[in-house]
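# Sharing a model prediction with you, sequence too.
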Amino acid sequence: MKKILFPTDFSDAATNAFVHALEFAKIVNAELILLHTFEIPVYDSQFFPENYAAIYSSIELAKFEMFKDEIPKLRAIASERKLDDIVIKHRLMDGDLIYNLKNAVEEDHIDFVIMGTSGVSDWTKFFLGSNTSSVISEVKVPVLCIPADAKFKKIKVIGFTTRYRDKDKAELRKVLAIAKKTNAKVKSLYVRTSNSDVSDETIKEWEKDFSGENLEFLVLPSDEVKETIIDFILYKDVDVLTTITHKRSFFESLFEASFTKKIAKEVSVPVLVMHES
């Protein structure tokens, strides 16, 4: 059985993303592991010599009580959607969010991370801020990002952006495997710019390799790559967009991450960020 890690701050955005996580867990036959992290503020022990330990204990207890109170609410959502057979486990961790996230992914052998992309938690600051690229690059599993106002609907069309590199084929096959579980069509997009180095022969080779799949290849000529992708989402009724991170410079990765945020904000569709094999 696959495993999905779901970081949550119990905000409205996270609760909305939880519905997507439940439904995705059903699609890929996975269990959910809920992760909530918190950082204890640093106090100078010389000013609190007697109750130093008590301060930390009270903070930990308060976080535990809040966590304990929120879990039944999420289980009620699962029950309302008739998904209470989904196995839900929990992790409450003290410390740096990204550090804990990476540890949870490795220790629990996580297959996917699913998270909301707005809210007030440290997670949101990391994901929406300038450190987005480090989050995506350091977590070596696919990350499904759910905009706050993206309500779950049945996945009928999955968009897949490619540059027709051989490495992209492995990720496309993973997307096709997910699509088959929900009877979705995959629409693959390549934006051919004026300096494109992809030949017609390469495109035809791909079409031959994936013949028989519920898959449509689209090649759109444009130097306005970002705008073309957004138009593709809108006019091709894409329910989830899949994009692949590539090993490039920090600046380019940051640009790519900020564009993922732009997609989530402007067209409000979930974005599945995959890593090249």
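Right, received. Where do you want to start?
# In what element of secondary structure is the most centrally placed residue in the chain found?
Of all residues in the chain, the one closest to the mean position by Cα atoms, centre = their mean is L144, 2.0 Å from it. Per DSSP states H and E: L144 is located in strand 143-146.
# Just checking: what are the partner strands of that strand?
The pairing partners recorded for strand 143-146 under DSSP bridges are strand 112-116 (parallel), strand 271-275 (antiparallel).
# that older thread, show me what the residue nearest to the centre of the chain is bridged to.
Where L144 sits in a bridge, its partners, by DSSP bridges, are I114, L272.
# how close does it get to E23?
11 Å (Cβ to Cβ, to the nearest Å). C-betas here are computed from N, CA, C, even on glycine.
# Does V175 touch I158 like I think?
Yes: V175 is within contact range of I158, at 6.0 Å (criterion: Cβ atoms under 8 Å).
# Give me the common contacts of those two.
The contact sets of V175 and I158 overlap at 186, 242 (Cβ atoms under 8 Å, 6 or more residues apart in numbering).
# just to revisit the earlier point, between L144 and E23, which contacts overlap?
In contact with both L144 and E23: no residue, using Cβ under 8 Å, 6+ apart.
# among the strands paired with strand 143-146, which is nearest T37?
Proximity to T37 (Cβ to Cβ) singles out strand 112-116 among these, at 12.1 Å.
# quick one, phi psi at P7?
Per-residue torsions, P7: phi -70, psi 130 (degrees, to the nearest 10).
# Equivalent analysis for N16, please.
Torsion angles, degrees, to the nearest 10, at N16: phi -60, psi -40.
# What is the burial count for it?
When neighbours are defined as other Cβ atoms under 10 Å, N16 has 19 of them.
# list the contacts for it?
By Cβ under 8 Å, 6+ apart, the contact list for N16 reads 116, 146, 148-151.
# Could you turn the buried ones of those residues into a ChimeraX selection?
Selection of the buried residues among these in ChimeraX, burial being defined by 16 or more other Cβ atoms under 10 Å:
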select :116,146,148,150
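# quick one on the thing from earlier: output the strand holding L144 as PDB, restricted to C-alpha atoms.
Output of strand 143-146 as PDB, limited to C-alpha atoms (Å, rounded to 0.1, in the frame of the first residue of the first chain):
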ATOM      1  CA  VAL A 143       4.200  16.900  -4.300                       C
ATOM      2  CA  LEU A 144       0.600  17.600  -5.000                       C
ATOM      3  CA  CYS A 145      -0.200  21.300  -4.300                       C
ATOM      4  CA  ILE A 146      -3.800  22.300  -3.700                       C
END
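# before we move on, back to that, please produce TSV containing the strands paired with strand 143-146, extended by mean pLDDT and distance to K169.
Formatted as TSV, these follow (pLDDT from 0 to 100; distance: least, Cβ to Cβ, whole Å):
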stretch	mean pLDDT	distance to K169
strand 112-116	89	20
strand 271-275	86	12
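# Can you tell me which of these is packed in deepest?
strand 112-116 (a mean of 26; mean count of other Cβ atoms under 10 Å).
# Extract the C-alpha set from it and format it as PDB.
These are the backbone C-alpha positions of strand 112-116, laid out as PDB (Å, rounded to 0.1, in the frame of the first residue of the first chain):
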ATOM      1  CA  PHE A 112       3.400  11.400  -2.200                       C
ATOM      2  CA  VAL A 113       3.200  14.700  -0.300                       C
ATOM      3  CA  ILE A 114      -0.100  16.600  -0.500                       C
ATOM      4  CA  MET A 115      -0.600  20.000   0.900                       C
ATOM      5  CA  GLY A 116      -2.600  23.200   0.700                       C
END
